[in-house]
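**Q** next one to model:
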Amino acid sequence: MAFQDLREFIAFLEKKGQLQRIKTPVKCELEITEITDRVSKAGGPALLFENVTGYNIPVLINTFGSEKRMSWALGVNNLDELGERLKKWIDMVQNRPPDGLMDKISAPGRYPMLPARKSFSPRTSTSICSLSSSAGLTMADALLP
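**A** Numbers count the residues shown, from 1 in each chain. Got it, this is the predicted structure:
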(Lines give C-alpha, C1' and ligand atoms only; values in the text may rest on other atoms or scores of the structure.)
Protein backbone atom coordinates (compact mmCIF):
# COMPACT_ATOMS: atom_id res chain seq x y z
CA MET A 1 0.00 0.00 0.00
CA ALA A 2 1.38 3.38 -0.97
CA PHE A 3 0.83 6.34 1.35
CA GLN A 4 0.33 9.88 0.07
CA ASP A 5 1.89 11.52 3.11
CA LEU A 6 2.87 11.03 6.73
CA ARG A 7 -0.65 11.85 8.01
CA GLU A 8 -2.05 8.97 5.98
CA PHE A 9 0.60 6.61 7.37
CA ILE A 10 -0.14 7.80 10.94
CA ALA A 11 -3.85 7.07 10.42
CA PHE A 12 -2.95 3.63 9.07
CA LEU A 13 -0.76 2.87 12.11
CA GLU A 14 -3.52 3.98 14.42
CA LYS A 15 -6.03 1.63 12.73
CA LYS A 16 -3.56 -1.23 13.06
CA GLY A 17 -2.96 -0.49 16.75
CA GLN A 18 0.67 0.44 16.08
CA LEU A 19 0.50 4.05 17.27
CA GLN A 20 0.23 5.34 20.82
CA ARG A 21 -0.83 8.97 21.23
CA ILE A 22 0.61 10.64 24.32
CA LYS A 23 -1.36 13.72 25.36
CA THR A 24 0.44 14.23 28.69
CA PRO A 25 2.92 17.17 28.59
CA VAL A 26 6.51 15.91 28.16
CA LYS A 27 9.85 17.70 28.05
CA CYS A 28 11.96 17.33 24.95
CA GLU A 29 15.16 17.16 27.03
CA LEU A 30 15.64 13.48 27.91
CA GLU A 31 12.01 12.70 28.75
CA ILE A 32 10.91 11.83 25.20
CA THR A 33 14.07 9.79 24.63
CA GLU A 34 13.64 7.87 27.90
CA ILE A 35 10.04 6.95 27.13
CA THR A 36 10.91 6.01 23.56
CA ASP A 37 13.88 3.90 24.67
CA ARG A 38 11.71 1.82 27.01
CA VAL A 39 8.88 1.41 24.50
CA SER A 40 11.11 0.50 21.56
CA LYS A 41 13.16 -2.03 23.56
CA ALA A 42 9.89 -3.71 24.55
CA GLY A 43 8.85 -3.90 20.87
CA GLY A 44 6.16 -1.30 21.37
CA PRO A 45 4.30 0.93 18.94
CA ALA A 46 5.19 4.22 17.33
CA LEU A 47 4.71 7.18 19.66
CA LEU A 48 3.09 10.52 18.92
CA PHE A 49 3.85 13.08 21.60
CA GLU A 50 1.14 15.69 21.11
CA ASN A 51 2.07 18.07 23.93
CA VAL A 52 5.81 18.81 24.00
CA THR A 53 6.58 21.46 26.62
CA GLY A 54 7.77 24.70 24.99
CA TYR A 55 6.81 23.66 21.44
CA ASN A 56 3.62 23.68 19.44
CA ILE A 57 4.68 20.86 17.09
CA PRO A 58 3.99 17.20 17.91
CA VAL A 59 6.80 14.64 17.83
CA LEU A 60 6.38 11.32 16.04
CA ILE A 61 9.02 8.80 17.01
CA ASN A 62 9.74 5.07 16.61
CA THR A 63 7.64 5.17 13.44
CA PHE A 64 9.75 2.60 11.61
CA GLY A 65 10.87 0.80 14.77
CA SER A 66 9.63 -2.64 13.76
CA GLU A 67 10.06 -4.75 10.66
CA LYS A 68 6.29 -4.79 10.14
CA ARG A 69 5.96 -0.98 10.26
CA MET A 70 8.96 -0.60 7.96
CA SER A 71 7.39 -3.05 5.48
CA TRP A 72 4.09 -1.17 5.54
CA ALA A 73 5.86 2.14 4.93
CA LEU A 74 7.77 0.70 1.96
CA GLY A 75 4.66 -0.92 0.50
CA VAL A 76 5.76 -4.55 0.80
CA ASN A 77 4.53 -7.54 2.80
CA ASN A 78 7.98 -8.16 4.28
CA LEU A 79 11.47 -6.76 3.87
CA ASP A 80 12.62 -9.86 1.96
CA GLU A 81 10.18 -8.90 -0.78
CA LEU A 82 11.85 -5.50 -0.98
CA GLY A 83 15.24 -7.20 -1.25
CA GLU A 84 13.98 -9.29 -4.17
CA ARG A 85 12.61 -6.19 -5.89
CA LEU A 86 15.95 -4.41 -5.47
CA LYS A 87 17.86 -7.44 -6.75
CA LYS A 88 15.69 -7.59 -9.89
CA TRP A 89 16.14 -3.85 -10.46
CA ILE A 90 19.93 -4.04 -10.04
CA ASP A 91 20.11 -7.04 -12.38
CA MET A 92 18.05 -5.18 -14.93
CA VAL A 93 20.27 -2.09 -14.72
CA GLN A 94 23.53 -4.06 -14.86
CA ASN A 95 22.39 -6.27 -17.72
CA ARG A 96 20.71 -3.54 -19.67
CA PRO A 97 20.55 -3.98 -23.41
CA PRO A 98 23.39 -2.26 -25.27
CA ASP A 99 22.83 1.27 -26.52
CA GLY A 100 24.25 0.67 -29.96
CA LEU A 101 26.57 -1.33 -32.16
CA MET A 102 29.75 -0.13 -30.43
CA ASP A 103 28.40 -1.31 -27.04
CA LYS A 104 27.69 -4.71 -28.58
CA ILE A 105 31.14 -4.90 -30.15
CA SER A 106 33.00 -3.86 -26.99
CA ALA A 107 31.33 -6.57 -24.91
CA PRO A 108 31.69 -9.76 -26.97
CA GLY A 109 31.45 -11.99 -23.89
CA ARG A 110 27.98 -10.68 -23.18
CA TYR A 111 26.86 -11.21 -26.77
CA PRO A 112 28.44 -14.48 -27.99
CA MET A 113 26.42 -14.42 -31.21
CA LEU A 114 28.45 -11.42 -32.39
CA PRO A 115 31.97 -11.75 -33.77
CA ALA A 116 34.86 -10.37 -31.76
CA ARG A 117 35.84 -6.73 -32.25
CA LYS A 118 39.07 -7.58 -34.09
CA SER A 119 37.07 -9.02 -36.99
CA PHE A 120 35.72 -5.51 -37.63
CA SER A 121 39.16 -4.03 -38.34
CA PRO A 122 39.88 -2.79 -41.89
CA ARG A 123 41.36 -5.30 -44.30
CA THR A 124 43.19 -4.95 -47.57
CA SER A 125 41.93 -6.81 -50.54
CA THR A 126 43.31 -7.54 -53.96
CA SER A 127 41.11 -6.22 -56.72
CA ILE A 128 41.18 -6.76 -60.45
CA CYS A 129 42.46 -3.21 -60.89
CA SER A 130 45.49 -3.71 -58.67
CA LEU A 131 46.35 -7.04 -60.33
CA SER A 132 46.08 -5.67 -63.83
CA SER A 133 48.18 -2.58 -63.15
CA SER A 134 50.95 -4.63 -61.54
CA ALA A 135 51.04 -6.95 -64.55
CA GLY A 136 51.19 -4.05 -67.00
CA LEU A 137 47.71 -4.75 -68.39
CA THR A 138 44.90 -2.34 -69.05
CA MET A 139 41.41 -2.71 -67.63
CA ALA A 140 40.14 -4.06 -70.95
CA ASP A 141 42.90 -6.72 -70.99
CA ALA A 142 42.06 -7.79 -67.46
CA LEU A 143 38.38 -8.25 -68.30
CA LEU A 144 38.88 -10.14 -71.59
CA PRO A 145 39.29 -13.91 -71.51
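
**Q** and C28, what does it touch?
**A** V52, T53, G54, Y55, V59 (Cβ atoms under 8 Å, 6 or more residues apart in numbering). (C-beta placed from N, C-alpha, C; glycine too.)

**Q** could you list the buried residues of stretch 46-61?
**A** Within stretch 46-61, the residues that count as buried by 16 or more other Cβ atoms under 10 Å are A46, L47, L48, F49, V52, V59, I61.

**Q** roughly how far does the fourth one sit from P25?
**A** It refers to F49. Distance from F49 to P25, counting by Cβ to Cβ, to the nearest Å: 9 Å.

**Q** for the third one, same thing?
**A** When Cβ to Cβ is the yardstick, L48 and P25 sit 14 Å from each other.

**Q** do the fifth one as well
**A** Noted for V52: a distance of 8 Å to P25, by Cβ to Cβ.

**Q** where are the low-confidence patches of this structure?
**A** 1, 96-145 (pLDDT under 70).

**Q** which residues in it form strands?
**A** Secondary structure of the chain (DSSP state E): strands at 19-22, 46-49, 59-61.

**Q** which one, of these, ends up nearest to D80?
**A** Closest approach to D80 among the strands of the chain is made by strand 46-49 (22.2 Å; Cβ to Cβ).

**Q** contact partners of that closest one?
**A** Taking contacts as Cβ under 8 Å, 6+ apart, the residues outside strand 46-49 that touch it are 10, 13, 18-22, 26, 32, 35-36, 39, 58-63, 65, 69.

**Q** over to stretch 71-84?
**A** Stretch 71-84 is contacted by residues M1, A2, F3, F9, F12, L13, K16, T63, F64, E67, M70, R85 when judged by Cβ under 8 Å, 6+ apart.

**Q** and for stretch 30-40?
**A** By Cβ under 8 Å, 6+ apart, the surrounding residues in contact with stretch 30-40 are Q20, I22, V26, P45, L47, F49, V52, V59, I61, N62, G65.
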